[in-house]
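[1] got a sequence here, can you build the structure:
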Amino acid sequence: KTQEQQKQKDKTEVSLLSEVKEINEHTKPVYCLTLLINGRLATCSPDRSIKLFDLNKYKCVLTIPHAHSTTVTYLCQIKDWKLVSSGADGLIKIWEISKSGYKCVSQFKAHTDYINKIINMTKDRFATCSRDSTIKVWSSKDYTLLNDLDQEHSKNVTSIIQLKNGHLISGSDDKILACNSPSLKAEKEFTPVECSDANAICEVDSGYFIVGGDKIIYVVSNDLEQFLRIPINELGIVYSLSDLGNNQILMGTSEGIIYQFDLENKEIMIKKEEAHKGCVYSIGIIGDNLIASSGYDGKVKIWENID
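    Numbering: from 1, shown residues only. Sure thing, here's the model as predicted:
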């Protein structure tokens, strides 16, 4: 081994993700986990259920057993603490969650195909993206359609985020697109050759956002004027991303591995092999040095980041 390889090996062995808790409440893969305002963790699955967990006790405190008639693909909390869920059939449901239970207060057909992501937006709006190649923006007040981006992407829209500057960034099998918000007017785009599956996008504090692809990540300026490609041959496909601050990100991959990556030095700081059996679909920060992940194995895991 070269001196540099040994240095990298030593670093990844010193910095550890220590498993705090393994939660087995779903019977199928867990596609999404989201931290709610009240500190609880919400999850969804192809088992058609939505579950809420108390993170103090790591205990399931609420189950919506047949939330959708098909796979529950994503969750997002919006105005007035309501929870939005999406289905593989393109259906959106709005849930009111209380101490006494849950109630579906609205449902509507949002897309003609599988909904990949839902995001909460500024000015009482939320957005959805789908395999039907469209992005739609909805009112969080009355759930009416406000804007429809149906011409810019020609393929599956896999991910969307709203940047702090208000722009909407979408990733698709065809390109990365920046749209003005709230008009959804397409402003700029770029087509990275290796990034055919932009399954995950996240913004970092330094005015850039990260796009995860197959064995590569892109660091892209918020105006799409500059981008840096960082090939990482051992990665696999990046399915989930989360910003840790200080130019550090978390990545969950198709190989079941969680990485902590230093963007400034382009170094892997942590590599947690076999974090999940199969794909790591979702990863996020849930507290001081605490990280939650979910995967193909149907498990939710809580990790402590130990330096």
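
[2] tell me where the stretch 1-150 of the chain has strands.
    Listed in chain order, the strands of the stretch 1-150 of the chain (DSSP state E, counting those that start in this stretch) span 16-23, 32-35, 41-44, 50-54, 59-64, 72-77, 83-87, 91-98, 101-109, 115-121, 125-130, 135-139, 145-149.

[3] contacts for the fourth one, please.
    The contact list for strand 50-54, computed with C-beta atoms under 8 Å, 6 or more residues apart in numbering, reads 23, 25-26, 36, 40-44, 59-64, 67, 72, 75, 83, 85, 95, 97, 300. For glycine as for every other residue, the C-beta is placed from the backbone atoms N, C-alpha and C.

[4] please pick the buried ones from these.
    Burial by neighbour count, judged by 16 or more other C-beta atoms under 10 Å, picks out 23, 25-26, 36, 40-44, 60, 62, 64, 67, 72, 75, 83, 85, 95, 97, 300 from the contacts of strand 50-54.

[5] name the SS class of residue 271, please.
    With DSSP: H, G, I helix; E, B strand; the rest coil as the basis, residue 271 sits in strand.

[6] so what's the residue count around it?
    Residue 271 has 20 neighbours, counted by other C-beta atoms under 10 Å.

[7] relative to residue 210, how far out is the closest residue to residue 159 other than its chain neighbours?
    Nearest residue to residue 159, sequence neighbours excluded (C-beta to C-beta, 6 or more residues apart in numbering): residue 171, at 4.3 Å. Separation of residue 171 from residue 210 (C-beta to C-beta, to the nearest Å): 11 Å.

[8] which neighbours do these two have in common?
    With contacts defined as C-beta under 8 Å, 6+ apart, the residues adjacent to both residue 171 and residue 210 are 200, 201.

[9] neighbour-wise, which of those two wins?
    Set residue 171 next to residue 210 and count neighbours by other C-beta under 10 Å: residue 171 wins out with 30 against 23.

[10] contact partners for the closest residue in space to residue 304 that isn't next to it in sequence?
    Nearest residue to residue 304 in three dimensions, chain neighbours excluded: residue 18, at 4.7 Å (C-beta to C-beta, 6+ apart). Going by C-beta under 8 Å, 6+ apart, residue 18 touches 303, 304, 306.

[11] can you tell me the element the residue nearest to residue 159 falls in?
    Assessed by DSSP states H and E, residue 171 sits inside strand 168-172.

[12] the inter-axis angle of that strand versus strand 125-130?
    10 degrees (axes from the mean of the first three to the mean of the last three C-alpha atoms, to 10 degrees).

[13] tell me the mean pLDDT for strand 168-172?
    Mean pLDDT, strand 168-172: 90.

[14] report the contact partners of the nearest residue to residue 298 once chain neighbours are set aside.
    Excluding the flanking residues, the one nearest residue 298 by C-beta to C-beta, 6+ apart is residue 26, at 4.8 Å. Counting by C-beta under 8 Å, 6+ apart, residue 26 makes contact with 43, 45, 47, 49, 51, 298, 299, 300.

[15] swap in residue 63?
    25, 49, 50, 51, 52.

[16] again with residue 73
    Taking C-beta under 8 Å, 6+ apart as the test, what residue 73 contacts is 31, 32, 44, 86, 87, 88, 114, 115, 116.

[17] touching, the second one and residue 294? I think so.
    So that's residue 32. Yes. The pair residue 32 / residue 294 is scored as a contact, 7.2 Å apart, by C-beta atoms under 8 Å.

[18] okay, these two: which has more neighbours?
    residue 294 (29 against 23).

[19] work out for me the element the more buried one sits within.
    Residue-wise, residue 294 maps onto strand 290-295 under DSSP H and E.

[20] sheet partners, orientation included, of that strand?
    Counting by DSSP bridges, the strands paired with strand 290-295 are strand 280-287 (antiparallel), strand 300-306 (antiparallel).
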